[in-house]
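A.B. asks: have a look at this prediction, sequence included:
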2 protein chains.
Amino acid sequence: MQTTEQKYLDYVKKLSHFQEAVGLIGWDLRTGAPKKGVAQRGEVLGTLQSESFNLSTSQEFKDLLQELREDTTWGTLDEVTQKSVEHSEKSLKKFENIPPEEYKNYVILTSQAESAWETAKANADFDSFSPYLEKIVDFNRKYVDWVGYEGHKYNALLDDYEPGLTVDTIDRVFGELKEALVPLVKQITESEQPKTDFLFTHFPKEKQEAFSKAILTSMQYDFEAGRLDTTVHPFATGLNPGDVRVTTKYDESDFRTAVFGTIHEGGHALYEQNIDKSLIGTNLCSGTSMGIHESQSLFYENFVGRNFAFWERHYETLKEYADGQFDDVSLEDFYEAINVAGPSLIRIEADELTYSLHIIIRYELEKALINGEIEVADLPEAWNKKYEDLLGIRPSHDGEGVLQDVHWSFGAFGYFPSYALGLVYAAQLKQAMLKDLPNFDDLLRDGNLAPIKEWMTKHIHQYGKKKSPVELLKDTTGEGVNAKHLITYLSEKYQGIYAL
Amino acid sequence: MQTTEQKYLDYVKKLSHFQEAVGLIGWDLRTGAPKKGVAQRGEVLGTLQSESFNLSTSQEFKDLLQELREDTTWGTLDEVTQKSVEHSEKSLKKFENIPPEEYKNYVILTSQAESAWETAKANADFDSFSPYLEKIVDFNRKYVDWVGYEGHKYNALLDDYEPGLTVDTIDRVFGELKEALVPLVKQITESEQPKTDFLFTHFPKEKQEAFSKAILTSMQYDFEAGRLDTTVHPFATGLNPGDVRVTTKYDESDFRTAVFGTIHEGGHALYEQNIDKSLIGTNLCSGTSMGIHESQSLFYENFVGRNFAFWERHYETLKEYADGQFDDVSLEDFYEAINVAGPSLIRIEADELTYSLHIIIRYELEKALINGEIEVADLPEAWNKKYEDLLGIRPSHDGEGVLQDVHWSFGAFGYFPSYALGLVYAAQLKQAMLKDLPNFDDLLRDGNLAPIKEWMTKHIHQYGKKKSPVELLKDTTGEGVNAKHLITYLSEKYQGIYAL
């Protein structure tokens, strides 16, 4: 006779199996699935996703959750089961509060909006996209009322990506960032720029791939639990902790795309590879939030991969893989070149210094939109003005302005802040790590990244969704969200590079 | 209001989606899935397969099938629906006749037997495998009674792989093959062998891959609807007609593994790529039988790929890809070398002349086993004796004898005959094709394989499972199964090569 707990765990496991299949199909579609089979594969995905949706909203599932909440049962449950039930209840509650007809229409709307956005971006034609965006914003304005919120309406959206974080906290953190970074960026803009021309010499794809693999291995990425493939828009995907795949792309005129991209995705992958195996088959077996996930990728990309000590170790190796392009370039010049910073229009090409400002612009616009302070029609001008205010440059058309990101086309309001929070978290984690590993730079210099990965696994990776972002941060750093460490890090680093 | 026909088609489409997901997972597992994720992926497969099984045996499905059979409905159905219903009914009837408890135990048994077989084969230890094989044979003996048969018991098993073929036919066809081939093999064994040493020089993997791709393209394999990957045991898999993947392996000391392997799998792939699109999403959208499938792979491997005219076109290209290994080898010597034939112990390494004899041995043993004329314990000696009788050689141990094939370990009795039938069919198709394309050899010589593929699509590929093997053969060649064409082809070819 199965206990209710066991029935629940079996049920959730089945759901995890559907999601793993969906994940694999997604990976395949983005890494070389033959194009003539794609439409049919979309139908397969649709079937699996709708089965998965039906399972996670079924009466059977609701009954199980209710039975587990009974007083005589709840206290007997394993801790993992309890956390899992809480997560299930939370998702279910959200779904239950959305009128099914509205949800269905929204799914159709966003599936059409993405290709409308692509065309609009290519033509720099905001008007062709705004009818879609208006409906998407309209749905999200209603959504926050359906699912409920405390304080600011936007909190309801933040909860989907960064549970526990609120507008109050983010306003404070982003305010501090702006105050510190805007003048720093201005100073840098007026300074002499490092030489970078040697970055853009021909670097054969195969050599870049071999070097990327060597770096992943050095990061402690486990190739027996993963693989590296090429794609158009790089990503990492954790199918299960024993199968976490990294993708990258190779630009033969700019090796940085592959190398820093691979390190970034490798950081995501280390997280997913090192979640405790006891969580496999539950709904807790993935990163706890977008922001914490991004803290891992950005920690490796910036605090490891853009660190001088890291290149003290790896620069000679890079030279061996390259076709002579760095032979006459000193380590110091190389380091400065890969850390060149300054105002730019495109978020995904931004450096670590200005990146947060791109995010803050999006956050402020989203918040105002959801709160009804601005309308979709106001976005292009509001966007351009904020770029002038924060970065001192103005897009010449909407393709390089308000239309540049895909996120809004699939309704991902509340997602952007995670990127900047990831940077803030990464700096906080670095600070905490230094207490246990004061020889951090020596470790990089020695190519000994194992203690760094072990520290991350001990404090972050292993928990999956068992701990919330705020709990992880509190338990690891003793603090809440704190912009100070990022500001100190960026100020010191860039004052050094630009001799301010 | 949906008609019952539409409901049925939607239901079958959903089933096809599950099968496509299972197919993709299977491909991934065999082409580089990280080994640490495999156990978990196995559970995902288990869930999808059991969902698929539940769907295909549900009361809802049975009711749909019954409603469609009502007099007022049946006549109104589309032809594709009718054929699809017939296939569904047939599979369902089989499942319904197997006691569920026995089936469940059998699934567990065969999943254990495969790894027991692997160990037994490695140790040449038949006794460690025979307890499993006894239970598997026992199940299959009961199975033929559960599902029923006319004539010989073995007909029930043949029906799973080659519907419409019976022991009477196969006995006749295989009898004719034996009668012709045994003396021919004997003559060849006593003749002077072509030189083959130049085949085994180092041929770099990357060059083999590039050549294999060129050959696939020349065969009219559509790389926009497929891809070529490496694996341990090569296969082709049709996920849908727009996504049919070929796999191969590279032996740098023997290029034939990759080249003829790729041509063989490419033949399978052409079949699946060219099934009519109207069958997508039904249970008719794959090859109609194992034997017809094998007729396609063997047609391309032997009648195209081992044809002199084919190498008149491609030998110079092969030389360009190779590292000089054929520079001093004439086309004639090359042709004879790749067609060397003679008795051997291992089926999968056998040449096209002796291959059928390996199959006939297995067929005769299976038939006797199922009919209770021999027992599992008799197999090793019976096997060795047949090898002596038909091929004049005797295995030195069971690892190269009765334990060499995986098939029995997963209960695939009735499968082996398809391989030899495939050869017989291929020769029949070649004969029929010559009436429409009398310039067959000229087409190969010109590298113009499009008319050959188009002929196969017109007569075979497009129909999927809409026509049975016997119907396809009858409609295309005007004949039933006829060994004569294969015998003539092999006799003429090998008399030429061995100057008999």
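C.D. replies: Perfect, thanks for sending it.
A.B. asks: what residues does chain A have near chain B?
C.D. replies: A:13-14, A:17-18, A:20-21, A:24-25, A:28, A:32-41, A:43-44, A:46-48, A:51, A:222-227, A:239-245, A:280-281 (C-beta under 8 Å from any C-beta of the partner chain). Placement of C-beta: from N, CA and C, glycine included.
A.B. asks: A:H152: neighbouring residues, count only.
C.D. replies: 18 (other C-beta atoms under 10 Å in any protein chain shown).
A.B. asks: for it, what are phi and psi?
C.D. replies: phi -80, psi 140 (degrees, to the nearest 10).
A.B. asks: distance check, the closest residue to it other than its chain neighbours against A:N97.
C.D. replies: For A:H152, ignoring the flanking residues on the chain, the nearest one in space by C-beta to C-beta, 6 or more residues apart in numbering or on different chains is A:V167 at 3.9 Å. Per C-beta to C-beta, to the nearest Å, A:V167 is found 21 Å from A:N97.
A.B. asks: so between those two, which is more surrounded?
C.D. replies: Between A:V167 and A:N97, A:V167 has the larger neighbour count (other C-beta under 10 Å), namely 21 against 12.
A.B. asks: kindly state the pLDDT recorded for the more buried one?
C.D. replies: pLDDT, A:V167: 98.
A.B. asks: hmm, it is touching A:K367, no?
C.D. replies: Yes: A:V167 is within contact range of A:K367, at 6.5 Å (criterion: C-beta atoms under 8 Å).
A.B. asks: okay, and the common contacts of those two?
C.D. replies: Listed as contacting both A:V167 and A:K367 by C-beta atoms under 8 Å, 6 or more residues apart in numbering or on different chains are A:H152, A:Y154.
A.B. asks: ok, the residue in the stretch 301-450 of chain A that chain B sits nearest to - contacts?
C.D. replies: Closest contact between the stretch 301-450 of chain A and chain B, by C-beta to the nearest C-beta, is at A:A450 (18.0 Å). Counting by C-beta under 8 Å, 6+ apart, A:A450 touches A:Q220.
A.B. asks: could you do A:A122 as well?
C.D. replies: A:A122 neighbours (C-beta under 8 Å, 6+ apart): A:G399.
A.B. asks: same check on A:D398?
C.D. replies: Taking C-beta under 8 Å, 6+ apart, one finds A:A124, A:D125, A:F126, A:P380 in contact with A:D398.
A.B. asks: just the buried ones from these?
C.D. replies: Among the contacts of A:D398, those classed as buried by 16 or more other C-beta atoms under 10 Å in any protein chain shown are A:F126, A:P380.
A.B. asks: all the helices of the stretch 401-500 of chain A, residue numbers only.
C.D. replies: A:417-436, A:440-445, A:450-459, A:469-477, A:484-497 (DSSP state H, counting those that start in this stretch).
A.B. asks: how far away is A:Q220 from chain B?
C.D. replies: As judged by C-beta to the nearest C-beta, to the nearest Å, A:Q220 and chain B stand 14 Å apart.
A.B. asks: give me the three-state assignment for A:T119.
C.D. replies: Per DSSP: H, G, I helix; E, B strand; the rest coil, the local secondary structure of A:T119 is helix.
A.B. asks: meant to ask about A:A113
C.D. replies: Here A:A113 is helix, with the state taken from three-state DSSP.
A.B. asks: how close does the residue nearest to it when sequence neighbours are not counted sit to A:S115?
C.D. replies: Spatial nearest neighbour of A:A113, chain neighbours left out: A:Y132 (4.0 Å); criterion: C-beta to C-beta, 6+ apart. Relative to A:S115, A:Y132 is positioned 10 Å away (criterion: C-beta to C-beta).
A.B. asks: before we move on, what about A:G23?
C.D. replies: 23 Å.
A.B. asks: between the two, who's got more neighbours?
C.D. replies: It is A:G23, of A:G23 and A:S115, that has more neighbours when counted by other C-beta under 10 Å, with 18 against 11.
A.B. asks: how about residues contacting stretch A:418-427?
C.D. replies: A:161-162, A:165, A:170, A:173-174, A:177, A:289-299, A:302-303, A:352, A:355-356, A:359-360, A:363, A:469, A:473, A:481-483, A:485-486, A:488-489.
A.B. asks: mind giving me the ChimeraX command for buried ones among those?
C.D. replies: Buried members of the contacts of stretch A:418-427, defined by 16+ other C-beta under 10 Å, are picked up in ChimeraX with:
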select /A:161,162,165,170,173,174,177,289,290,291,292,293,294,295,296,297,298,299,302,303,352,355,356,359,360,363,469,473,481,482,483,485,486,489
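A.B. asks: which members of the contacts of stretch A:418-427 are positioned in helices?
C.D. replies: Counting by DSSP state H, the part of the contacts of stretch A:418-427 found in helices is A:161, A:170, A:173-174, A:177, A:290-298, A:355-356, A:359-360, A:363, A:469, A:473, A:485-486, A:488-489.
A.B. asks: picking up where we left off before, closest one to B:L345 among the helices of the stretch 401-500 of chain A?
C.D. replies: helix A:450-459 (49.6 Å; C-beta to C-beta).
A.B. asks: in that closest one, what counts as buried?
C.D. replies: Per 16+ other C-beta under 10 Å, helix A:450-459 contains these buried residues: A:I452, A:K453, A:W455, A:M456, A:T457, A:H459.
A.B. asks: which residue is the nearest non-sequential neighbour of the closest residue to chain B within the stretch 101-250 of chain A?
C.D. replies: In the stretch 101-250 of chain A, no residue comes nearer to chain B than A:D243, which is 2.6 Å away by C-beta to the nearest C-beta. Residue nearest to A:D243 in three dimensions, not counting chain neighbours: B:G37, with 2.6 Å by C-beta to C-beta, 6+ apart.
A.B. asks: coming back round to it: can you flag the buried ones in the residues of chain A next to chain B?
C.D. replies: The buried subset of the residues of chain A next to chain B - by 16+ other C-beta under 10 Å - is A:13-14, A:17-18, A:20-21, A:24-25, A:28, A:33-34, A:36-37, A:40-41, A:43-44, A:47-48, A:51, A:222, A:225-227, A:239-245, A:280-281.
A.B. asks: and for the residue nearest to A:G148 when sequence neighbours are not counted, the neighbour number?
C.D. replies: Nearest residue to A:G148, sequence neighbours excluded (C-beta to C-beta, 6+ apart): A:A156, at 6.6 Å. A:A156: 22 surrounding residues under other C-beta under 10 Å.
A.B. asks: ok, A:A156 - contacts?
C.D. replies: A:Y143, A:V144, A:V147, A:G148, A:Y149, A:G414.
A.B. asks: dump the residues you listed into JSON lines; add secondary structure and neighbour count as well.
C.D. replies: Compiled in JSON lines, those are given as follows (DSSP: H, G, I helix; E, B strand; the rest coil; neighbours: other C-beta atoms under 10 Å in any protein chain shown):
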{"residue": "A:Y143", "secondary structure": "helix", "neighbour count": "23"}
{"residue": "A:V144", "secondary structure": "helix", "neighbour count": "20"}
{"residue": "A:V147", "secondary structure": "helix", "neighbour count": "17"}
{"residue": "A:G148", "secondary structure": "coil", "neighbour count": "12"}
{"residue": "A:Y149", "secondary structure": "coil", "neighbour count": "16"}
{"residue": "A:G414", "secondary structure": "coil", "neighbour count": "26"}
